[in-house]
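# Need coordinates for the below:
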Amino acid sequence: MSVRIGVVGLGRIGRMHARNIAQEDGVDELVLIGRSEDKLQDAKAQLHSELAEDAGPQLRGAHAPSPSGPVPQVDTVLLTEDWTNGLDGVIIASSTHTHPDLARSALAAGVPVLLEKPIGLKLEETAALSAEFESLNVPIMVAYHRRYDEGFQNLRERIHSGDLGTIRVIHSAGHDHFHVDPEFIPTSGGVWRDLLIHEFDTIPWLLGQTPVWIFASGAVLDEQAYADSGDLDTATAVITFESGVQALISGARNIASGQDVNTVVYGSDAAFAAGIDSHSPVISTEPGVAPPESTYADFIERFEPAFRREVRHFLAVINGDATSLTLPSDGIVAARLALAAEESVRCGTPVALDAVTV
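Purely as a prediction, here's the structure:
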């Protein structure tokens, strides 16, 4: 079976997805889709160079597979009314404001979609688009990549196995190694909707519980560009769930010596964690404990295996061998938490999730 996959949006994330899916078995044609012919040709040349060198991503860890079959044909298409023609699936990694129309066009044409988060920046938009897209009965995955990460999947299994006993508390860190590009800050959605949206999605998914309260705080400590856009560079939140379990979350830009994303679940009988490994950028002050030899440079390096598992799952969905783990409606809880966190910062008090409506 010949599979033809399109990628819309050729910034950093789009190029990563293009490289990853080009290295998957069964992908015979890859179509780079955009509005600028110059950018399309630049992305095509970069992709050809990486694939020809059989280098995959130039990242420590050697997670990139060597393509076992021939390198797929790479075509380019300008974003016109017929851009979905002949596609078996499409990855949409363009600017957030373009997501609804692009996803709508693909789904209406019967083309399965892997859509970078978020599908919308407003809660009411997320809810309406979720209902619309899912009613079309065409496969769609929203790119909450941690649900495809092996460590987080294992942690979820541990939680539901009962091995932890009574779950007491959760600690979760989402710390970016570098500041965001200043040009991206005004349209990013801010620390709650861009950075910590992944914690807001992952933790309820891990627990299988409904959040009921959130108390959030934050500040701009050293980068005025965030303040100019009403954003934060450092943030914390406490989420209370229906069982009484609390999740303590911290988010920050430009922190420590590398990318640090981890979640620790403490129970009465055991504690388990995802994201704590030999590259974790925390240096112990205990005598005789060696510091990490290396750390993750950024989120793409930290989650490289998860991004590859995500596109592999997308191909399985296209082939009818799997179903989406991240439907658009699954993002409503995360969107509601982000909105409530913003309100909590404004008012300085906890906010009930049932008070945040569409």
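# Residue ranges in the stretch 251-358 of the chain under the pLDDT threshold?
Along the stretch 251-358 of the chain, the parts satisfying pLDDT under 70 run over 358.
# Could you pull out the strands in it for me?
260-267, 271-274, 351-352 (DSSP state E, counting those that start in this stretch).
# Can you give me the buried ones in the helix or strand residue 125 falls within?
With secondary structure defined by DSSP states H and E, residue 125 is part of helix 123-135. Buried residues in helix 123-135, counted by 16 or more other Cβ atoms under 10 Å: 123, 125-127, 129-130, 133. (Glycine included, C-beta is placed from N, CA and C.)
# Look up phi and psi at residue 322.
Torsion angles at residue 322 (phi, psi; degrees, to the nearest 10) stand at phi -160, psi 170.
# Near residue 312, how many other residues are there?
17 (other Cβ atoms under 10 Å).
# Sorry, slip of the keys, the one I care about is residue 2.
Counted with other Cβ under 10 Å, the neighbours of residue 2 add up to 10.
# what do you get for residue 166?
Count around residue 166 with other Cβ under 10 Å applied: 11.
# surely it meets residue 268?
Yes. Contact criterion Cβ atoms under 8 Å: residue 166 and residue 268 qualify, at 4.3 Å.
# ok, so of the buried residues of helix 123-135, who is nearest residue 161?
Minimum distance to residue 161 across the buried residues of helix 123-135 is 30.4 Å, recorded for residue 130 (Cβ to Cβ).
# Quick one: residues contacting the closest one.
Residue 130 makes contact with 119, 327-329, 331-332 under the criterion Cβ atoms under 8 Å, 6 or more residues apart in numbering.
# repeat for residue 229
By Cβ under 8 Å, 6+ apart, residue 229 lies in contact with 185-186, 190.
# what are the phi and psi angles of it?
According to degrees, to the nearest 10, residue 229 has phi -100, psi 10.
# I'd like the distance between it and residue 141.
Counting by Cβ to Cβ, to the nearest Å, the gap from residue 229 to residue 141 is 30 Å.
# again with residue 152
On the measure of Cβ to Cβ, residue 152 and residue 141 end up 16 Å apart.
# quick one: which of those two has more around it?
Taking other Cβ under 10 Å, residue 152 and residue 141 do not tie; residue 141 has more neighbours (26 against 22).
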